[in-house]
Structures are given as structure tokens and as C-alpha cells.
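[1] what would the 3D arrangement of this be:
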Amino acid sequence: PGRGGAPAALLHAADWIRSGEARGRTALVVTGDIAVYEQGPARPTGGAGVVAMLLADLNEFDDGGDAATTAVEVEGPGLRATYMEDAYDFYKPHHASEYAVVDGHHSNACYLRALDACYRAFAANYEHSPLGA
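    Residues are numbered from 1 along each chain as shown. So this is what the prediction gives:
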């Protein structure tokens, strides 16, 4: 999955484990993206990346203390924040071309707006939660 699919896959896998349906099994989430740009200033920023995440219930998982663990908080009253914006900073208007149309400065501005909005929404959610009270 790409930009929106990766977080959704991670949270669905965490929910599956938390639900008890996993019954001691682990979940594997693999996500990646590739970017190819035509000749010009954006070309050097192209590339590919992939990450694989193995999720397990740490109460049922004995790794001998060797695992690098990160907690995924799936419970809690709304302790997540999302942001969406209809922006044409990166899009593929011509399906016959493998190259996207990119506006890097606009993309950076969109990213900063999203980061700010998510931080503010998360902080507000936290303040109204039992953890922030």
C-alpha cells in the first residue's frame, strides 16, 4: 500500500492482534513506494523504499529480550489525528506517461500544513482524553 494504505494496514494488523483473533500468531505488514521522474530538478529525488513490520502481542511473544520493539497504541479515546487536503502537488494527469507532475514547493507547504494540523488535532484529543486529564 502507498501513502494512505500503509498506516491503515499497520492499524488493521494491530487491531487483529489486539482482538485475540491472532491467537499468538504474528502479523506482517509490508509497504513500499517508488518514484520515477522525468529529466529535470526532481529526478535526483526519485527512488524506491520498502519497509516490513512484524507485529506481535508482546504478552505472548518471547524473543529472549533481543527484539527492537515499538508500541502501537490501538486503544484509547481518539488518540489519533488525520488530515486531508485536495492538492495537486503530485499527480499523474497523463496515464500514458510514467512520470508524475510535481510541484515540490507546493508539496512542502502541503506537508507542513498537514503536520501542523495533525499535531494540533492530536494535542486536542490528548487533552480531552483520560491520559491528558
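[2] roughly how far is the helix or strand containing Gly49 from the heart of the chain?
    Gly49 is part of strand 47-55, with elements assigned from DSSP states H and E. Between the mean C-alpha point of strand 47-55 and the mean C-alpha point of its chain there is a distance of 11 Å (C-alpha atoms, centre = their mean, to the nearest Å).
[3] would you map the strands across this structure?
    For the chain, the strands defined by DSSP state E cover 27-35, 47-55, 90-91, 101-102.
[4] closest one to Ala14 among the ones you listed?
    Closest to Ala14 of those, according to C-beta to C-beta: strand 47-55, at 6.0 Å. Every C-beta, even on glycine, is put in place using the N, C-alpha and C of the backbone.
[5] same question for the closest one, mean pLDDT?
    When pLDDT is averaged along strand 47-55, the result is 89.
[6] okay, now the sheet partners of that strand, with direction.
    If you go by DSSP bridges, strand 47-55 pairs up with strand 27-35 (antiparallel).
[7] contacts for the strand it pairs with?
    The set of residues that contact strand 27-35 without belonging to it, under C-beta atoms under 8 Å, 6 or more residues apart in numbering, is 1-3, 5-6, 9-10, 13-14, 16-17, 45-56, 100.
[8] related to what we said a few turns ago, which of the strands of the chain sits closest to Ala109?
    strand 90-91 (12.4 Å).
[9] show me what that closest one is packed up against.
    With contacts defined as 3 or more C-beta pairs under 8 Å, 6 or more residues apart in numbering; DSSP states H and E, strand 90-91 has these neighbours: strand 101-102.
[10] nearest residue to Val50 in space, please, no chain neighbours.
    Distance criterion C-beta to C-beta, 6 or more residues apart in numbering; nearest residue to Val50, sequence neighbours excluded, is Gly32 at 3.6 Å.
[11] residues touching the residue most central in space within the chain, list them.
    In the chain, the C-alpha closest to the average C-alpha coordinate belongs to Pro7, at a distance of 3.6 Å (C-alpha atoms, centre = their mean). Shown here is Pro7, which makes no contacts under the criterion C-beta under 8 Å, 6+ apart.
[12] state the pLDDT value of it.
    Confidence score, pLDDT, at Pro7: 84.
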